[in-house]
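Visitor: Prediction below, plus the sequence it came from.
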Amino acid sequence: MMKRPIIIVGAGTGGHVFPAISLAETLLEKGEHIFILTDSRASSYWPIAWDNIKLLPIQPLRKNFKGIFTFIVSLLVSSFLCLRLFWRLKPSVVVTFGGYPTLPALGAAFLLRISIILHEQNAVAGRVNHLFSRFAKYLAFSWPETKNLPSYPSLKLVMTGLPVRRSIAELHKRRYHPPQKDDVVKVLILGGSQGTQIFNALIPETISLLPENLQRRLEIFHQCRQETLSSVALAYEKTSVKVNLQSFFKDIPKLFSTVDFVISRSGASTLGEVATGGLPAIFVPYQQAKDDHQTVNALNFEKKGAAWTIPQSQFTSARLKYMLEAVLENPEILLGASESLNCLKSHDASQKLADLILNIVLTPNRARKRTKIL
């Protein structure tokens, strides 16, 4: 008899999707039957070979009449599709990773009395997770100091850590070796799944202000959008650095083993991978992130001495130049930051979350009491 499937919902940005992929891989290895729900924005992240993926037509909410109308219609259509799918598949549990694209699946799971597990990637609990936490069996979270966690008698809070891609998780035992004085310092620049124009303009400009001898000691690996590659390459031509520009670096684990530190946004997925890889980082939080969660994420790392945070409003050439000169002249400061990351590594988070899910799957079915809506 075929096992009842486990529904995994990972959609929207990479920060919601990469942990979902990690969990899916772990459950497949354990012989579980899984089914994936995602949206068009996130479809390219999922492995092409997987045939158990369904796209929901859910659209982002725009703050105008047309945008609101489109969102409501797409939400209703997606909710109907989830109800029909869940009725047919009879899943044992629905696991979601936050964000508005999970709303249809969560609503359908609630109506059909299917067990719900929520996972929170950020250091401040998101709105959708908060909304549905009263109907969930578990809310798994990623960081010890996560803020705004809900509290209901029926809800169990479990810190599993943040699931990271298998290839990244394998780096957790790697010993970080900082560059020696006068060595070439290799820097990885990541804009996150939403990209960032400010990095493309300000970083080459800042490097051009460094003394020539320091410029020659930098090797840059810069990820930017395809349409900006030419303009960014032109900006770097005014410097003396060796630069590798890509719209997408396919082998991030190899890069993590190569570079000395990272300049990046502070989305949850990036933080989890940077921590597990033991890489020091300069974080520039995306200031339009919901509930300013990227700032909270980054400051949690900075408090532990594991990273440096620059608010976007203060991300200037003068500030970045000062930090780059400090690293180039005293590279040993990177070792201290790397060692501070040890308490933030989450290489076994997928296993912990999978065990939590299987605790529900392997428990004899019992009617789930409907939680009273306040």
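Guide: Everything's here; your move.

Visitor: From now on I want contacts and neighbour counts done on CA atoms only, so please keep to that.
Guide: OK.

Visitor: Now do the SS call for Val73.
Guide: helix (DSSP: H, G, I helix; E, B strand; the rest coil).

Visitor: for Leu328, same thing?
Guide: helix.

Visitor: Isn't it up against Lys181?
Guide: Yes - the pair Leu328 and Lys181 qualifies as a contact (C-alpha atoms under 8 Å) at a distance of 7.4 Å.

Visitor: Those two - which one has more neighbours?
Guide: Legend: neighbour count by other C-alpha atoms under 10 Å for Leu328 and Lys181, higher for Leu328 (21 against 13).

Visitor: Quick check: that one vs Leu149, distance?
Guide: Distance of Leu328 to Leu149, given as C-alpha to C-alpha, to the nearest Å: 40 Å.

Visitor: try Lys303
Guide: Using C-alpha to C-alpha, one obtains 20 Å as the distance from Lys303 to Leu149.

Visitor: Enumerate every residue touching Glu219.
Guide: 184-187, 241-243 (C-alpha atoms under 8 Å, 6 or more residues apart in numbering).

Visitor: among those, who's most crowded?
Guide: That'd be Val185 among the contacts of Glu219, by other C-alpha under 10 Å, with 23 neighbours.

Visitor: How about the contacts made by that residue?
Guide: By C-alpha under 8 Å, 6+ apart, the neighbours of Val185 are 179, 217-219, 259-260, 328.

Visitor: for it, which residues make a bridge with it?
Guide: Note on Val185: beta-bridge partners Leu218, judged by DSSP bridges.

Visitor: distance of it from His177?
Guide: 12 Å.

Visitor: same deal with Gly272?
Guide: Taking C-alpha to C-alpha, one finds Gly272 at 20 Å from His177.

Visitor: if you count what's nearby, which of the two comes out ahead?
Guide: Legend: neighbour count by other C-alpha under 10 Å for Gly272 and His177, higher for Gly272 (29 against 12).

Visitor: Roughly how far does the more buried one sit from Asp355?
Guide: If you go by C-alpha to C-alpha, the gap between Gly272 and Asp355 works out to 20 Å.

Visitor: before we move on, what about Ser231?
Guide: Counting by C-alpha to C-alpha, the gap from Ser231 to Asp355 is 47 Å.

Visitor: More neighbours: the two, which one.
Guide: Taking other C-alpha under 10 Å, Ser231 and Asp355 do not tie; Asp355 has more neighbours (15 against 11).

Visitor: so what does whichever strand or helix holds the more buried one touch, helix or strand wise?
Guide: Element membership for Asp355 (DSSP states H and E) is helix 349-361. Where contact means 3 or more C-alpha pairs under 8 Å, 6 or more residues apart in numbering; DSSP states H and E, helix 349-361 is packed against helix 14-29, strand 93-96.

Visitor: Looking only at that helix, what residues are buried by neighbour count?
Guide: Neighbour counts over helix 349-361 (16 or more other C-alpha atoms under 10 Å) mark 349-354, 356-358, 360-361 as buried.

Visitor: Okay, angle between it and helix 14-29 too, please.
Guide: Angle, helix 349-361 to helix 14-29, by axes from the mean of the first three to the mean of the last three C-alpha atoms, to 10 degrees: 60 degrees.

Visitor: Report the rounded mean pLDDT for helix 349-361.
Guide: Across helix 349-361, the average pLDDT comes to 92.

Visitor: ditto for stretch 143-153
Guide: For stretch 143-153, the mean per-residue pLDDT is 87.

Visitor: Start and end of that stretch, how far apart?
Guide: Across stretch 143-153, first to last residue, C-alpha to C-alpha, it's 22 Å.

Visitor: Tell me how many other residues surround the closest residue in space to Asn52 that isn't next to it in sequence.
Guide: Once flanking residues are discounted, Asn52 sits nearest to Phe35: 5.3 Å by C-alpha to C-alpha, 6 or more residues apart in numbering. Neighbourhood size, Phe35 [other C-alpha under 10 Å]: 19.

Visitor: And the one 3 residues further on, by the same measure?
Guide: Each residue near Thr38 was counted by other C-alpha under 10 Å, and the total is 23.

Visitor: from what I can see Ala235 touches Ile207, true?
Guide: No - using C-alpha under 8 Å, Ala235 is not in contact with Ile207; the gap is 10.1 Å.
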